[in-house]
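> need coordinates for the below:
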Amino acid sequence: QTGGAGQFGEVTIKVDPLPRGGGFQFVDEVKGGVIPGQFIPAVEKGVLQAMEEGFVAGYPMQDIKVTVFDGKYHSVDSKEIAFVTAGKKAFEAAMEAARPIVLEPIVNIAITAQGDFIGDITADLTTKRGRVSNTEAVTNGRMVISAQVPLAELEGYSSRLKSITGGEGTYELSFSHYDPVPGNIQQQLSQQSQRE
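Okay, here's the model as predicted:
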């Protein structure tokens, strides 16, 4: 309240995880007009704003179902902006209790190099949280190593591979999936975000 008419909006929501790739679902289960229908899109807008800003380290959120099922409004003081704010605050409160996790992109990498370097390449991938799945001989003593590695670990990898192989190695990347980041890295990301 700031002198004239105030802003009033109250919402109760339930937040559930969706399977990976499930996107976002918003469900209106409000009964009896406790929140007039014209304010429901404002609640969704507030939730989407909170999801975009992220909760852990500022990364956008995904694979979430939000159900609004209760609330209150005031015939004079309820405005759209009040329900945007209420939706956002309710979602943030739910995240406090939900212990969300940060996901990171995992990529498939196929490295081609002379067989002499396979041991060094494999050892280096292990230090980058990589998981080697296959090693296959091709032509002229060359081999292909197939692995999955967090994308974040591959910054500057082209130079690294050239250094290991004397400039001989090449690689190809393709997206595979998202995995939770290890707890210690999530904590570092969260602390870095708070400092910024």
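> near residue 162, how many other residues are there?
Residues lying near residue 162 (other C-beta atoms under 10 Å) number 13. For glycine as for every other residue, the C-beta is placed from the backbone atoms N, C-alpha and C.
> then residue 66?
22.
> got it, and residue 38?
Look at residue 38: counted by other C-beta under 10 Å, it has 10 neighbours.
> with residue 72 as the reference, measure out to it.
From residue 38 across to residue 72, the span is 15 Å (C-beta to C-beta, to the nearest Å).
> where do the strands sit along this protein?
Using DSSP state E, the strands of the chain run over 10-17, 24-28, 64-72, 103-114, 131-137, 142-150, 170-180.
> turn those into TSV, including mean pLDDT and distance to residue 190.
Listed next are these as TSV, based on pLDDT from 0 to 100; distance: least, C-beta to C-beta, whole Å:
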stretch	mean pLDDT	distance to residue 190
strand 10-17	93	19
strand 24-28	94	23
strand 64-72	91	19
strand 103-114	94	14
strand 131-137	92	25
strand 142-150	95	17
strand 170-180	92	14
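> which of those strands sits closest to residue 89?
Evaluated over these, closeness to residue 89 peaks at strand 10-17, with 8.6 Å, by C-beta to C-beta.
> domain ranges for the protein?
Using the TED database, the domain parsing of the chain gives 9-98, 103-180.
> ok, back up a step: just tell me which of the strands of the chain ends up closest to residue 88.
Residue 88 lies closest, by C-beta to C-beta, to one member of the strands of the chain: strand 10-17, at 9.8 Å.
> who does the closest one pair up with?
strand 64-72 (antiparallel) (DSSP bridges).
> for the partner strand, what is the distance to the chain centroid?
Centroid separation for strand 64-72 versus its chain: 22 Å, with C-alpha atoms, centre = their mean, to the nearest Å.
> contact partners of that strand?
Applying C-beta atoms under 8 Å, 6 or more residues apart in numbering, the external contacts of strand 64-72 come out as 8-18, 22, 24-31, 34-35, 40, 43-44, 47, 51, 86-87, 91.
> still on that earlier bit, kindly reformat the strands of the chain as TSV containing distance to residue 80.
TSV is the format used below for the strands of the chain (distance: least, C-beta to C-beta, whole Å):
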stretch	distance to residue 80
strand 10-17	13
strand 24-28	16
strand 64-72	14
strand 103-114	32
strand 131-137	49
strand 142-150	41
strand 170-180	34
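> which one of those strands lies closest to residue 159?
Of all the strands of the chain, strand 170-180 comes closest under C-beta to C-beta, at 12.0 Å.
> and that closest one, what does it pack against?
Applying 3 or more C-beta pairs under 8 Å, 6 or more residues apart in numbering; DSSP states H and E, one finds that strand 170-180 contacts strand 103-114, helix 157-165.
> report the contact partners of residue 13.
43, 47, 66-69, 87, 90-91, 94 are the contacts of residue 13 under C-beta under 8 Å, 6+ apart.
> since that was my last question, I'll sign off now.
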